[in-house]
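>>> For reference, the sequence and a predicted model appear below.
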Amino acid sequence: MSGNGSPRATVSGVQELPPPVEPSWADLGYAPWVEPFAKKYLRSAVQLLGLYAVVRIGLVLTDVLAAHLKAGGNLDGPLSSWDGGWYLTVAAHGYIPQHGAHLTFGAGAFEPVFPLLIAALGWMGGTVAAAATISILAGAASVILVWRLGAAVFDECIGWIGAVLFTVFPGMGIAWGVLYSECVGLALAAACLLLMIRRRWLWSGIFGLLATATSPMALPLALAATVPVIQDLRKRKVPGALLTMVLVPLGFMAYVAYVGAHYHDALYWWHLQHAAWAAVVDWGKSLALLLVHPMTGGYQGKGWMEWLGVAAVAGAIWALVKAKPPAVLTVYCGGVFLLLFASNSLGFKPRLLTWAFPALIAVGAVLRRRGWQIVAIAFAYLVPLVFLIYTTYGNYFSQP
């Protein structure tokens, strides 16, 4: 007999069954487009998330060492160090009032999206566990979104390389190791830029709004949105990106308005930044002084560390010029660098440089044929080291 599923006769006369037929994704009840999508993207996604998992596991192991060096064995100590503790405080108690005539470090300086997500997972039994869960999930989302952004701008290979460099970038030692808002903010910023590239103006504006309500470091997204606005105006078209440009800063503005009303001072956020953190816009004066005196230190860090940051920024600019990504990404990165340069309390710190992540995609494009592997390996060795330094001897180097 012959036919599907019927025995076949061999030369020896012995009948054998046909080889089994593998069920398709459609047979399993999935839409017809799922199978080609899975074949094209699933392997790359698994590889990236596997690398991400290795990095996060490495940071957990480093946390054990940091806890014994500085936190008396308390594993939560390094995770909640520096501003991480403030995000946990806001999640647990909201924006608590300040007492006394003078402003000092306070909860009002920390944007609400990350703490709100922590509070939403309060059923997990503790803010540290909830924050760590959000950090892990949001970090995974950011890796995938950076990959898709690179693929949309260049191609799949460059997108994948850019996501690898993003995953192992040294600043991630703080962004993912400590319970900071970058875990959420970077994912939202990557989503906003990807949607801008795809010209989904409403959704890019919404994600950008959430990003600026997570960290003021996302404000350059509004600057990036001016690029398609200008392009459309030159073509005498209605600039749909104007919607994104307007929506993006509203997240930060709404937060500033809320804490202003909550603390009965319309300029509370700026007053707090100046009084507690001595933050001012000095257009690089403090950074220049650090560069001239590399062995001295300031709020931005040791002078020699800022030289490393300057070198990183110079490399990023070189990659952006050489790779020629869409102007949206170049302008966004330029806005991030300008923000870091202009404030005396920021500087080119490893954690803050993570916000210029499109530059890593550009690095992947430039070093696609050779060299990116060496950069990735060097980065990977530095990730746990950055976490360990800032959670144990951070005061000696700078605040993260």
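Alright, I've got the coordinates.
>>> how distant is stretch 371-383 from the center of its chain?
Here stretch 371-383 is found 18 Å from its chain centre; the criterion is Cα atoms, centre = their mean, to the nearest Å.
>>> for that stretch, what is the average pLDDT?
Stretch 371-383 comes out with an average pLDDT of 95.
>>> Figure out the length between the terminal residues of stretch 383-399.
Using Cα to Cα, to the nearest Å, one end of stretch 383-399 lies 16 Å from the other.
>>> buried set for that stretch?
Across stretch 383-399, burial judged by 16 or more other Cβ atoms under 10 Å covers 383-384, 386-392, 394, 397-399. Quick note: C-beta positions are derived from backbone N, CA and C, even for glycine.
>>> What is the nearest of these to Pro249?
Pro249 lies nearest to Gln399 out of the buried residues of stretch 383-399, by Cβ to Cβ, at 25.7 Å.
>>> does Lys302 really touch Leu291, like I thought?
No - if you go by Cβ atoms under 8 Å, Lys302 and Leu291 don't touch, sitting 10.9 Å apart.
>>> between these two, which one's more packed in?
The neighbour count for Lys302 versus Leu291, taken as other Cβ atoms under 10 Å, is higher for Lys302 (18 against 15).
>>> Would you mind measuring from that one to Ala130?
34 Å (Cβ to Cβ, to the nearest Å).
>>> Then Cys192?
Cys192 sits 25 Å away from Ala130, taking Cβ to Cβ as the criterion.
>>> which one of the two has more residues nearby?
More crowded of Cys192 and Ala130, by other Cβ under 10 Å: Cys192, with 32 against 22.
>>> quick one: pLDDT of the more buried one?
pLDDT, Cys192: 98.
>>> That one is in contact with Leu202, isn't it?
No - shown here, Cys192 and Leu202 do not form a contact pair, counting by Cβ under 8 Å, at 11.5 Å.
>>> overlap in contacts of the two?
Thr244 (Cβ atoms under 8 Å, 6 or more residues apart in numbering).
>>> Apart from its neighbours in sequence, what residue is nearest Trp283?
Leaving aside its chain neighbours, Trp283 sits nearest to Ala342 (5.4 Å; criterion: Cβ to Cβ, 6 or more residues apart in numbering).
>>> what does Ala187 give?
Ser142 is the one closest to Ala187 (Cβ to Cβ, 6+ apart), at 3.9 Å.
>>> How about Gly315?
Val363 (7.4 Å).
>>> Then Ala141?
Counting by Cβ to Cβ, 6+ apart, the residue nearest Ala141 is Ala187, at 4.4 Å.
>>> so where does the one you found fall, helix or strand?
helix 182-197 (DSSP states H and E).
>>> Output the contacting helices and strands for that helix.
helix 113-120, helix 127-153, helix 172-175, helix 201-212, helix 220-234, helix 241-247, helix 327-342 (3 or more Cβ pairs under 8 Å, 6 or more residues apart in numbering; DSSP states H and E).
>>> low-scoring stretches of this structure, by residue?
Applying pLDDT under 70 to the chain flags residues 1-39, 99-102, 124-125, 395-397.
>>> Contacts only, for the residue nearest to the spatial centre of it.
Nearest to the mean C-alpha position of the chain, by Cα atoms, centre = their mean, lies Leu186 at 2.6 Å. Counting by Cβ under 8 Å, 6+ apart, Leu186 touches 138-139, 142, 175, 354-355, 357.
>>> roughly how far apart are it and Leu145?
For Leu186, the distance to Leu145 - Cβ to Cβ - is 9 Å.
>>> Leu117 too?
17 Å.
>>> before we move on, what about Ala362?
Ala362 is 16 Å from Leu145, by Cβ to Cβ.
>>> Check Thr133 too.
Using Cβ to Cβ, Thr133 is found at 19 Å from Leu145.
>>> what residues does stretch 308-317 touch?
Taking Cβ under 8 Å, 6+ apart as the rule, stretch 308-317 contacts 291, 333, 337, 340, 347-350, 353, 356, 359-360, 362-363.
>>> and if we set it to 6 Å?
Defining contact as Cβ atoms under 6 Å, 6 or more residues apart in numbering, one finds that stretch 308-317 is touched by 337, 348, 353, 356, 359.
>>> Any chance of the residues you listed in CSV with distance to Arg43, secondary structure and neighbour count as columns?
Below are those laid out as CSV (distance: Cβ to Cβ, whole Å; DSSP: H, G, I helix; E, B strand; the rest coil; neighbours: other Cβ atoms under 10 Å):
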residue, distance to Arg43, secondary structure, neighbour count
Phe337, 35, helix, 21
Phe348, 36, coil, 22
Leu353, 30, helix, 23
Ala356, 29, helix, 28
Ala359, 26, helix, 31
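>>> Adding distance to Leu51, write the residues you listed out as JSON lines.
Formatted as JSON lines, the contacts of stretch 308-317 follow (distance: Cβ to Cβ, whole Å):
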{"residue": "Phe337", "distance to Leu51": "27"}
{"residue": "Phe348", "distance to Leu51": "26"}
{"residue": "Leu353", "distance to Leu51": "20"}
{"residue": "Ala356", "distance to Leu51": "21"}
{"residue": "Ala359", "distance to Leu51": "19"}
